Structures are given as structure tokens and as C-alpha cells.
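> All I have is the shape, not the residue letters:
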DNA sequence: TTGAACCCTCACATATATGTGAGGGTCAAC
DNA sequence: GTTGACCCTCACATATATGTGAGGGTTCAA
């Protein structure tokens, strides 16, 4: 597909897709006319990138962890240098910290919302609370 | 305590503490000479702010959720407007999305690391994983 | 009284992720 | 062959979180 379709399917501006390419988070082949061409798997890839960016990881780090994320556990450890492994270990731990921080705070917000809506359970309040109530995540 | 001590105890530059105050994430009282004064509870508060910033939340949002985070469940729901509740609900869900995204990716990275270190579990690999404390990979 | 070590405000600088638009090709349909 | 919807590169603009430093007070101890 070309950049326009990828843009629509990932809800990501063309500008950003080119930027991600510049940052080497994605690559593209080029048609004879110079247009970028992407295959299906870039839809997921781009959404993954956006999620990570939104969760505070910079492109520089995302670029490093992306190779760990290919679905079929393709073997790319041969090229893993010790520094790379150290970086990944560090980032794994930083991600865990972020997760714990978010869980703590998300739960506080949820608790607050529950308290408010629990206090007065009528209509006007209802729609505000409706949207979502998933509250338990188990993690390291 | 004054800004210098808070800065050291939270590992946050004075500049940033003033910035957080400007963004209304924290407040300070002023000594007669104009110096900012903080009490103990700002140590935790600042660390909470840093964690949330690092997890991708902008100050504008952090400001909104902070009131939900005071340890003794002080009653501030009286002032909660419906728009505020809708915002909180939205943010709670966005936090949950971030959490899931991070968990998914963190687990992939962890799995990758386990695969690599599990593959050859001897000394040579060990120091590679050990090394990570100060890791700054730069790119061109 | 001087100096060090704090503090203040203000302002400019930087990095990162993003938007916007100019100037210009490609291509299919009319 | 013109039009419209794509695509390209390049460059400037913006927002947010941060660094850095100038110019200047306050406090305290040598």
C-alpha cells in the first residue's frame, strides 16, 4: 500500500510516517516513480510505535527494542552486542517502572471515580462513568 | 525545606521545580525573603509528577489527576464538575491503554532477553547483562 | 567586609514530536 | 490535454519539557 492508505489505517499523518522512516523505525520500498510502498505488517508496526511513543519512549529507544518485537521469534540474537543487551535490560526495567507508576495512579483515579459515582448513583453522573471499568492488571 | 533540598531529594533540577510550579503541579509558600518553602509531602508529590511525565502524560493532564492522589481520601468531589469527571474517565482509560501497551512490549523485550541469556548461560554473557548501569548508545 | 552558597526572575537555547505549506512530479479519468 | 488526487522533498513553525546563564538579592561564617 502507499503512504496514504497506511496513514488512514493507522490514523497517523503522512508527515509522521515519513518522520518515523527518517528515524529508522520503519522502512519502505520505492515504486519506480519514487512513491513509498508498504506491506500489511506495517499497519501493526506503526500502531506499536505510536503506543510506545505515547507511553513516553523516545524514537531512539523504540528503534532499539523493535527488533525484539517480531512475531515469529526470528533469530536476531547473533548480532546482539553486549552493549545492546545492557540497553535492553535497562529499558525493560524502565518500562516496568512506568507500568507500576501508571497502575498506581490509574488505580487512584479509578478509586476516586468509583467513590464519586458510588456516592450518587443517578443518571447525569452515569455517562461519565460508563466508558470503562477495567481495573485489574497483574504484572511483575 | 527550600528548593535546593527538594531538588536534591527528588533528583529534579531547580529549574524544573519552578516550571512545575508555573504549571500549577505544585505550590510553595514564600519566606519573607522571597525564597520558596516546601514541606515534606512535596518529595513524594514531585516524584509522582516525574513518573507520570516519564510515562507520557502532559502537565495539563497531570494537574487534573493530582487531586485524586492525596493519600487520605480527602473529600474533593463536591467541586467535581461533569466535564472534569468525563476527563478523568477518559484519562483513566488512556492510562490503561498505556499500561497494556507497555506490558505487551516489556514482555516481548524480556522474552527476547531470556532467550538470549538462556541460550548460552555462562560467564561471557553475564558481564554483558551486568554492564548496564550507564548505557548511552548514540547514533549518527 | 568579603566570599561562598544559597535564592530570585527573566530570557534565550535545545530536543523531540508534530503541523503546515510551498513547489513540483505521476497518473488515471474525463 | 486538463483536472484531481495522489505522491515527493524541503523548510519553516509550534508545543512541551528541559538546560543554561545573566543580573541581582540574602545569609552566614571567616
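Sure thing, it's come through. Remember, it's a predicted structure, so these values are computed and weren't measured experimentally.
> so how many other residues sit close to residue A:93?
When neighbours are counted by other C-beta atoms under 10 Å in any protein chain shown, residue A:93 registers 15. Just so you know, the C-beta spots here come from the backbone N, C-alpha and C atoms, and that holds for glycine as well.
> Ok, residue A:8 next?
Residue A:8, neighbours per other C-beta under 10 Å, totals 11.
> So is the host helix or strand of it next to chain B?
Assigned by DSSP states H and E, residue A:8 falls within helix A:3-10. No: with C-beta under 8 Å from any C-beta of the partner chain as the criterion, chain B is not reached by helix A:3-10; the gap is at least 14.4 Å.
> Counting by contacts, list what the longest helix anywhere in chain A packs against.
The longest helix of chain A (DSSP state H) is helix A:82-119. Applying 3 or more C-beta pairs under 8 Å, 6 or more residues apart in numbering or on different chains; DSSP states H and E, we find helix A:82-119 packed against helix A:59-65, helix A:123-130, helix B:41-54, helix B:59-65, helix B:82-119, helix B:123-130.
> what comes up buried for the longest one?
Applying a neighbour-count criterion of 16 or more other C-beta atoms under 10 Å in any protein chain shown, the buried positions in helix B:82-119 are B:85, B:88-89, B:91-96, B:98-103, B:105-106, B:108-110, B:112-113, B:116-117.
> Is it possible to get TSV of the helices and strands packed on helix A:82-119 that adds mean pLDDT and distance to DNA strand C?
TSV is the format used below for these (pLDDT from 0 to 100; distance: least, C-beta to the nearest atom of the strand, whole Å):
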stretch	mean pLDDT	distance to DNA strand C
helix A:59-65	96	4
helix A:123-130	41	27
helix B:41-54	97	13
helix B:59-65	96	14
helix B:82-119	92	13
helix B:123-130	41	25
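> contacting residues around the helix holding residue A:8?
A:1, A:12-14, A:17-18, A:28, A:35-36, A:38, A:42-43, A:46-47, A:50 (C-beta atoms under 8 Å, 6 or more residues apart in numbering or on different chains).
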